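Participant: The following comprises the amino acid sequence and a computationally predicted model.
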Amino acid sequence: MTIATAFLALLESGPRHGYDLKQAYDQHFGVDRPLHYAQVYTTLAKLLRNGLVTVDGVEGDGGPDRKRYTVTEAGVTDVQRWLDEPEKPQQYLQSGLYAKVIGALLTGRSAAAVLDAQRDEHLDAMRELTRRKMDGDLADRLICDHALFHLDADLRWLEHTADHLDELAEQVRG
Amino acid sequence: MTRVLTEMLLGMRLAFAGGRRGRTRTALSTGGVALGTAVLLLSASVPVMLDTRQARIEAFGPFTGGVDVPAGDTLLVGVVESSWHGSDLRGLLMWPETERAPVPPGIPAFPPDGRMYVSPALREALAAPGSDRLRAQMPYEIAGTIGDAGLAGPQELAYYAGNRTLPDRIGEGAYRLERFGAYRVSEDDDTATYVMLGLMVATLLLPVAIFIGASLRFGGDARDRRLAAIRLVGGDNRATLRIAVGESLVPTAAGLLAGTVTYLLVRAMIGRLSLFDVSVFTSDVRPMPVLAALSVAAVIILAAAMTLLGLRGVAIEPLGVVRRTVLWRGRLWWRLILPVLGLVLMYPAFTGGKAETMVTIGVIALLTGLIPLVPYLIPLVVGAVPGGPVSWQLASRQLRQNPVASTRAVTGIVVGVAGVIALNATFATVDVQRKVHDDPADADYSIIGSTDPSPAAMKRLNAAFERVDGVKATTTASYTLYDPATDTYQGFLFVGDCEALDGIADIGRCADGDAFVFGDTGRDVTVKDGPRVAVPAKARPAVLTGSTAQNVFAAVLFTPAAAPEGLSRAGLDFVTTSIRLTSGTPAEKSGDIRAAAISVDPFLQVTNLVSEADRYGAMKTALNIGSTIILLLMGLGLLLDVADRLHDRRRLLGVLAAIGATRATVLRSVMLQALVPVVAGLALAVATGIGLGVVLMRLSEVPVRIDPVAVFSPVAAGAALVLICTVAILLPAARRVTSTEQLQHE
Amino acid sequence: MNPLLIAEGLHKSYGPTTALAGADLVLHAGEILSIMGPSGSGKSTLLHCAAGLTSPDSGHITYDGRLLTEMSDVERSALRRREFGFVFQFGQLVPELTALENVALPLRLDGIRKRAAERRATGLLDRLGLAGKARSRPGELSGGQQQRVAVARALIAEPKVLFADEPTGALDSVSGEQVMEMLTRSARQSGAAVVLVTHDARIAAYADRGIVVRDGRSLDRARAR
């Protein structure tokens, strides 16, 4: 998802000013990374150029903050196309974690220690996310849950790998 | 202290919770405790009842102890003993010799000649339809009612009549009485009845105790889980025990209350009942304080003991219930202690001793001893059939593993059935015995008391009795013979018509004028206080029959025409009228015969040589009612037991169904588990019941005889009950239990 | 600060099965400690031993300076009433008692009068969002509600330690999270330490600190470091 698609989706519910767009974006999409105003206006400029939005009114002095943007027919089609296209599941085949395990085994170091250290790191991260989740609203919770489920999956892989370390070592060295 | 109280209260609170199963459990144990309490309280009232009754009877007893009282301010009395519909009928004829003669307790004044005071029960009987024959026994007009002071019980049949012929009958049935209650007669103890009562109370109470135990254990698994949850939040071991006891306290207390109410109701109605020909006043029924307290204590202790016993072998830990797998050791020796003790204590019954308390305790010990013996049988029975289909394999494993649990509900049936068999068998034998004469040659009734030996008088007597349909009456006059040389008793001289003589001896052909002789009489015989009588040369030999022949060494029998002169009243022994029934039963005819006798002379003594009424009739009724209640109770217990065990093992059964056991297999296995203990238990019950029956028959002095119907009807009832209960539970439960959906629980 | 609960060198076998082979545990006042591990690793046994519900074959457990392993049943029961609270996966509520009575039970067992105990229980139930369910029996409550009742009961006596063994094991993830949040929040409010046994990292993440049990041995990375 790009910032442009997000803006189009936000505008579909009604015309907005640039400032409103930034606020709405930060609230729903930009959990960890709020937008810079520069990003807002370059994106809007690009959308205007491509005919996906129009300016439907200017108030006051006509500065960038005072323009109200409306999504066009083409813009709505764009949003529809984005939603119709499922996200490609990430394959996770290139895992830095796995590489570290193999590295440890190849060099005769303790792969278990690598896994233990990683588990601690993961659990620390999960505890931090859980704390945030308990203090946040539903949106925060869902975002945190997304991360928690992924970390949980990683942890399960860690446990699973830990159970097969001896076997793996034989294969790697053999 | 408050904690202990809180825990008990919590337990009581839990008794009311627990849903349908919990309520069933509370209701059942309440019922069991109530029944037990009522029976115990009634038993505790028996001593007081008998004592007060005895005191009453003694207070109005018109006896002198055989002493001739000189004339003074005395009352002339004559006792008329009769019976009506199997109940004793007591009549007292009286005529005061002075105005200061003693008035009998219960009536305000002496009844005038030809009038009588009657007991309320007799008044009722006289008013009932079909009482003409009763009325004929007492040719007096009713003047009033006898008060309680003159009666042994509310149902007693009695009348106090004024009769001015008494002065003429002194020495012939009438005698002088200085005061009432002067001479105390003790009722003779009846060992057999005493032991039978003991056995009956045991037969009824033991199953009730077992039922109370079983109902308190019902839903025990849920209780144990509950207690485990309480342990987790900090209840210690003693707290769980207190909570469990508190829980059992609710049905115990409610049961004690309900039992007391039942007792009071029975007590209130008791005046209307007549048991063992004994009726009692409600006011006479009150428990001996010590026994009542003991009864209440016994119930409470029993309930608490059963609860604690149910917790034995179960460790309730905070993490759950640990059932210590108590290995079934099946040791025999301690199980034999009680039965052997029982047999030893019953030994006097076989030697003819009269140690009734000992024998009763022995009977109860033997019966109680059955309880631990039943589980011992199960592995033996199961072991006898090692192979068999899967259902049997499942059932036998389960049975072997825990024989005590499998037999818990059955022991009550075993004890009950054993007791019922013993009593039933005895009653049946007594019944058979009752219907035969001591000696088949004897008449059905023998009536003595007339003092006129003239042939005309004897004819009149016969005619008086033969007015009753189906009665053949013959009369003989008998004179005692003695040997003047040695001054010893020798035999009798009889005078009677051919028919009468035929009734007491084998005489062959006979015509008036004949004479017969029995034994070694010599040429002549001597009548005591009478003349010497020559034995006629033409006298033919005859053989005395029946009880007449007993202790007679010699006898001379004369028809009236041959009767020697000078006999008349001198040396007269008895004028005996023998009555044989040609139709009807003694119970039907007795009233008429007694009435006929009284119409001739109120002092005639009618002795029935066959029983008119069943001596144990009331007891039989009580046994039938009692055993029905007990068997129903046992059925209920069994029903719950099967349901409980199904509930406990529903998961296991579900698993069986899931791995492909057919419903039929599962059902057969459950069925076998219920039936095997019953079959084994009933076998034991039959053996014990017959054994006890033999003891009772020995005590009742009847020949030992085992009536198969009496033995096997309780067995059949017990077996049918088990079948019905098991099927009743199994069929509806079958679908539920064998569905694999049970696996989804937990 | 001295630890509240210390378990050292715990061994425990059930017949041929070894559940614990030298497990340790240290719990400080007010902290939430998770015990993680695969099923069969001995983590529940470690909790049961630490709470005095089972006795270890060898090893020592010190609670508040006292040796738990040498206490009698009565003393340990008193400890369970006053100092410990328990939340298990299921089965710890008395099915015959109402939610309110269940929550009030530890106080009543400790001799507190019914009315006072139930007043406190009502307050706690309200805080856990169960105000309308006080008169319901466990069977009439959802799994999540039952566990919240269990949490209320565990906390009613203001214990110093709350032992939770897979408290969300029988729940869906939403009710599981609700229960966990209420459990941790309430525990922090009352200052109770929590020992939380779970195989689920997302549940363990509610703790401040975690140890892992594997093959009956505990790994406390925080101490090892």
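Facilitator: Looks like it arrived, so ask away. As the structure is a prediction and not an experimental result, all values here were calculated from the model.
Participant: Show me where chain A has its helices.
Facilitator: A:3-12, A:18-28, A:37-49, A:73-84, A:96-106, A:111-135, A:138-163, A:165-173 (DSSP state H).
Participant: So which elements touch the longest one?
Facilitator: With contacts defined as 3 or more C-beta pairs under 8 Å, 6 or more residues apart in numbering or on different chains; DSSP states H and E, helix A:138-163 has these neighbours: helix A:96-106, helix A:111-135, helix C:201-204. Bear in mind the C-beta positions are built from the backbone N, C-alpha and C, glycine included.
Participant: ok so, going back, closest one to residue B:597 among the helices of chain A?
Facilitator: Distance to residue B:597, taken as C-beta to C-beta, is lowest for helix A:111-135 among the helices of chain A, at 108.3 Å.
Participant: and the closest one with helix A:138-163, angle?
Facilitator: Interaxial angle, helix A:111-135 versus helix A:138-163 (axes from the mean of the first three to the mean of the last three C-alpha atoms, to 10 degrees): 160 degrees.
Participant: how close does the residue nearest to residue C:78 when sequence neighbours are not counted sit to chain A?
Facilitator: Among residues not flanking residue C:78 along the chain, residue B:234 sits closest, at 6.8 Å (C-beta to C-beta, 6 or more residues apart in numbering or on different chains). Distance of residue B:234 to chain A, given as C-beta to the nearest C-beta, to the nearest Å: 30 Å.
Participant: Same question for residue C:197.
Facilitator: From residue C:197 to chain A the distance is 15 Å (C-beta to the nearest C-beta).
Participant: rewinding a little: isn't there a helix covering the residue nearest to residue C:78?
Facilitator: No - looking at residue B:234 with DSSP: H, G, I helix; E, B strand; the rest coil, it is coil, so not inside a helix.
Participant: need the contact list for the nearest residue to residue C:149 once chain neighbours are set aside.
Facilitator: The shortest distance from residue C:149 to any non-neighbouring residue, by C-beta to C-beta, 6+ apart, is to residue C:99 (4.7 Å). Applying C-beta atoms under 8 Å, 6 or more residues apart in numbering or on different chains, we find residue C:99 in contact with C:125, C:130, C:133-138, C:141, C:145, C:149.
Participant: Comparing the helices of chain A, which comes out most buried?
Facilitator: Ranked by mean neighbour count, the helices of chain A are led by helix A:3-12 with a mean of 21 (mean count of other C-beta atoms under 10 Å in any protein chain shown).
Participant: sorry, back to before: what about the helices and strands packed on helix A:138-163, which gets the closest to chain B?
Facilitator: Among these, the nearest to chain B by C-beta to the nearest C-beta is helix C:201-204 (21.0 Å).
Participant: got the contact list for that closest one?
Facilitator: A:122-123, A:126, A:130, A:148-149, A:151-152, A:155-156, C:34, C:36, C:167-168, C:173, C:176, C:180, C:196, C:198, C:210.
Participant: quick one: strands adjacent to the strand or helix carrying residue B:517?
Facilitator: Here residue B:517 sits within strand B:515-519, counting by DSSP states H and E. In the sheet, strand B:515-519 lines up against strand B:540-541 (parallel), strand B:554-558 (antiparallel) (DSSP bridges).
Participant: Please state the mean pLDDT value computed over that strand.
Facilitator: For strand B:515-519, mean pLDDT is 85.
Participant: Let me see the mean pLDDT of the lengthiest helix in chain C.
Facilitator: Counting residues, the longest helix in chain C under DSSP H turns out to be helix C:173-190. Regarding helix C:173-190, the rounded mean pLDDT is 89.
Participant: Just the CA atoms of stretch B:454-474, as PDB, please.
Facilitator: Extracted as PDB, the C-alpha positions of stretch B:454-474 are listed here (Å, rounded to 0.1, in the frame of the first residue of the first chain):
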ATOM      1  CA  SER B 454     -77.800 -88.000  83.000                       C
ATOM      2  CA  PRO B 455     -78.400 -89.300  79.600                       C
ATOM      3  CA  ALA B 456     -81.200 -86.800  79.100                       C
ATOM      4  CA  ALA B 457     -78.900 -83.900  80.000                       C
ATOM      5  CA  MET B 458     -76.200 -85.200  77.600                       C
ATOM      6  CA  LYS B 459     -78.800 -85.500  74.800                       C
ATOM      7  CA  ARG B 460     -79.900 -81.900  75.500                       C
ATOM      8  CA  LEU B 461     -76.300 -80.800  75.200                       C
ATOM      9  CA  ASN B 462     -75.800 -82.500  71.900                       C
ATOM     10  CA  ALA B 463     -79.000 -81.000  70.600                       C
ATOM     11  CA  ALA B 464     -78.000 -77.600  71.800                       C
ATOM     12  CA  PHE B 465     -74.800 -77.700  69.800                       C
ATOM     13  CA  GLU B 466     -76.200 -79.500  66.800                       C
ATOM     14  CA  ARG B 467     -78.400 -76.500  66.200                       C
ATOM     15  CA  VAL B 468     -75.300 -75.000  64.700                       C
ATOM     16  CA  ASP B 469     -75.000 -76.000  61.000                       C
ATOM     17  CA  GLY B 470     -72.300 -78.500  60.200                       C
ATOM     18  CA  VAL B 471     -71.800 -79.600  63.800                       C
ATOM     19  CA  LYS B 472     -71.800 -83.100  65.100                       C
ATOM     20  CA  ALA B 473     -71.800 -83.200  68.900                       C
ATOM     21  CA  THR B 474     -71.400 -86.200  71.100                       C
END
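Participant: Mean confidence (pLDDT) on that stretch, please.
Facilitator: Averaging pLDDT residue by residue across stretch B:454-474 gives 81.
Participant: Looking at chain C, which residue is nearest chain A?
Facilitator: Closest point on chain C to chain A, by C-beta to the nearest C-beta, is residue C:205, at 3.8 Å.
Participant: Show the contacting residues for that residue.
Facilitator: Counted by C-beta under 8 Å, 6+ apart, residue C:205 has contacts A:123, A:126-127, A:129-130, A:148, C:34.
Participant: returning to what we had before: does the longest helix of chain C pack against any helices or strands, and if so which?
Facilitator: Right, helix C:173-190 is packed against helix A:111-135, strand C:32-36, helix C:143-155, strand C:161-165, strand C:193-198, helix C:201-204 by 3+ C-beta pairs under 8 Å, 6+ apart.
Participant: what does the fifth one rub up against?
Facilitator: Counting by C-beta under 8 Å, 6+ apart, the neighbours of strand C:193-198 from elsewhere in the structure are C:4-5, C:25, C:27-36, C:43-44, C:46-47, C:50-51, C:160-169, C:183-184, C:187, C:203-204, C:206-207.
Participant: Same question for the longest one.
Facilitator: When contacts are taken as C-beta under 8 Å, 6+ apart, the neighbours of helix A:111-135 outside the stretch itself are A:97, A:100-101, A:104-105, A:140-141, A:144-145, A:147-148, A:151-152, A:154-155, A:158, A:161-162, A:165, A:168-169, C:181, C:184-185, C:201-202, C:204-208, C:210, C:212, C:219, C:221.
Participant: Just checking the distance from that helix to the centre of its chain.
Facilitator: 19 Å (C-alpha atoms, centre = their mean, to the nearest Å).
Participant: Near chain B, which residues of chain C? Just list them.
Facilitator: C:48, C:53-54, C:73-74, C:76-82, C:84, C:86, C:88, C:91-97, C:101, C:105-106, C:108-111, C:153 (C-beta under 8 Å from any C-beta of the partner chain).
Participant: Out of those residues, list just those in strands.
Facilitator: Secondary structure defined by DSSP state E assigns C:84, C:86 of the residues of chain C next to chain B to strands.
Participant: Buried only: go through the residues of chain C next to chain B for me.
Facilitator: C:48, C:53-54, C:76-82, C:84, C:86, C:88, C:91-97, C:101, C:105-106, C:108-110, C:153 (16 or more other C-beta atoms under 10 Å in any protein chain shown).
Participant: The longest helix of chain C relative to helix C:143-155, how many degrees between them?
Facilitator: 20 degrees.
Participant: For the chain, which residues score under the pLDDT cut-off?
Facilitator: I went with chain A, as the question did not name one. A:1, A:31-32, A:59-65, A:93-94, A:174 (pLDDT under 70).
Participant: You answered for a different chain; I wanted chain C.
Facilitator: Using pLDDT under 70, chain C drops low at C:1, C:91, C:221-225.
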